[in-house]
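Visitor: how would this look folded up:
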Amino acid sequence: MPKKVRIALDAMGGDAGASVVVPGAAISLSRHPDSEFLLFGDQAKIEPELAKHPALKAVSKVIHTDVTVRMDEKPSQALRRTRRASSMWLAIDAVKHGKADVAVSAGNSGALMAMGALNLRTLPGVDRPAIAAVWPTLRGDSVVLDLGATIGGDARHLATLAVMGSAMASVLFNLERPTVGLLNIGSEDIKGHEEIRDAAEILRAMNSTQFNYIGFVEGDGIGQGHADVIVSEGFCGNIALKTAEGTARQMFTLLREAMTSSWMARIGYLFARGAFQKLRDKLDPNKSNGGVLLGLKGVVVKSHGGISAEGFAYAVDVGYEMAHLDLLTKINQMLNRDGSALVQTQAAQEAVS
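Guide: Presented below is the predicted three-dimensional model:
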């Protein structure tokens, strides 16, 4: 029989906890019936939700803990207070010990990053993980990172993100040499902070065979698909993500108001309903939910905290695909192809210093 994909869920993570996590897992299971689930959290809250989804219950195991990481908790506080006991830590720990192929959490982003780095450790040459996600664009999809795992970063950190992001894009999109751009306030070489300009010098000096560095990309270039990989430090990347999601929701609201403003508009909507549905599906933030904590020695997926069950299901789908396609192994192989690509960033940095 084909190998099952084992998914560990932080059932207490996010704004709603088990009431969203469990039905979200049930939706994902309907799309991927070869999944199995470990649900970590308060059994008294998880079991009633599981009872509503018999198919999910049949392939799930509940591991009880009443310790939860609060959404407003500082990562350092979460580590001190809940280390080795919280639903988030236990889900990650299941990946470390081979009990699960991937962990998914809608919990505190900073705590998830800290616990992932401490428990799973990072790949050689990676100082800290980044949240990488697939971003829909006018010409297809792009990998965008960092979307908020950490704030700030020097030139070498940005160059490392470029290497990891290009490896992910190569595997996901079957590209031999994906294009890479640095998110900046302008396309000219003199624009941006010193760290960004220095990172550009490092990437040019690398002259990598794994990716093609094309220069700076402005914010509007993300949606236009100017590069297969867009690199940013976490502060700007998270703002870009939230802005795009907010703009998509704003467009839906304005379209709905326009289509119901008069009886003529309602009639027009009936004829164009199929086109509007395609637009809604393309821009629906729920369908882009789920960021991979790239750079860890294990697969961890971050979901938005305030997402719906349908939205959380897409984050579980991301985890399933990462595990099912064994993308982590493939990405690691690419990172170490022809020596270590990450080591090349250090050599390039020394060359331009």
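Visitor: Just list whatever residues bridge to residue 5.
Guide: On the basis of DSSP bridges, residue 5 is bridged to residue 35.
Visitor: just checking, it touches residue 101?
Guide: Yes: counting by C-beta atoms under 8 Å, residue 101 is a contact partner of residue 5 at 5.6 Å. To be clear about C-beta, it is placed using only N, CA and C from the backbone, and glycine gets the same treatment.
Visitor: So the two - more neighbours on which side?
Guide: residue 101 (24 against 19; other C-beta atoms under 10 Å).
Visitor: Please name the residues that touch the more buried one.
Guide: By C-beta atoms under 8 Å, 6 or more residues apart in numbering, the contact set of residue 101 is 5, 6, 7, 95, 299, 323.
Visitor: Need the overlap of contacts for residue 5 and residue 101.
Guide: Counting by C-beta under 8 Å, 6+ apart, the shared contacts of residue 5 and residue 101 are residue 323.
Visitor: Let's have the contacts of residue 101 in a markdown table, adding pLDDT and distance to residue 42.
Guide: Putting the contacts of residue 101 into a markdown table (pLDDT from 0 to 100; distance: C-beta to C-beta, whole Å) gives the following:
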| residue | pLDDT | distance to residue 42 |
| --- | --- | --- |
| 5 | 95 | 25 |
| 6 | 97 | 21 |
| 7 | 98 | 19 |
| 95 | 97 | 21 |
| 299 | 93 | 25 |
| 323 | 89 | 26 |
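Visitor: now, which of the residues you listed sits nearest residue 144?
Guide: The closest of the contacts of residue 101 to residue 144 turns out to be residue 299 (C-beta to C-beta; 18.2 Å).
Visitor: Now for the closest one: which residues touch it?
Guide: Going by C-beta under 8 Å, 6+ apart, residue 299 touches 95, 101, 102, 103, 292, 319, 322, 323, 327, 328.
Visitor: give me that answer again for 6 Å
Guide: Residue 299 makes contacts with 102, 322, 323, 328, as judged by C-beta atoms under 6 Å, 6 or more residues apart in numbering.
Visitor: Let me know how buried the third one is, in neighbour terms.
Guide: Translated: residue 323. 22.
Visitor: Quick check, it in contact with residue 104.
Guide: No: counting by C-beta atoms under 6 Å, residue 104 is not a contact partner of residue 323; they are 10.4 Å apart.
Visitor: List phi and psi for residue 179.
Guide: In terms of degrees, to the nearest 10, the main-chain angles of residue 179 are phi -80, psi 140.
Visitor: burial count for it?
Guide: Neighbours around residue 179, by other C-beta under 10 Å: 20.
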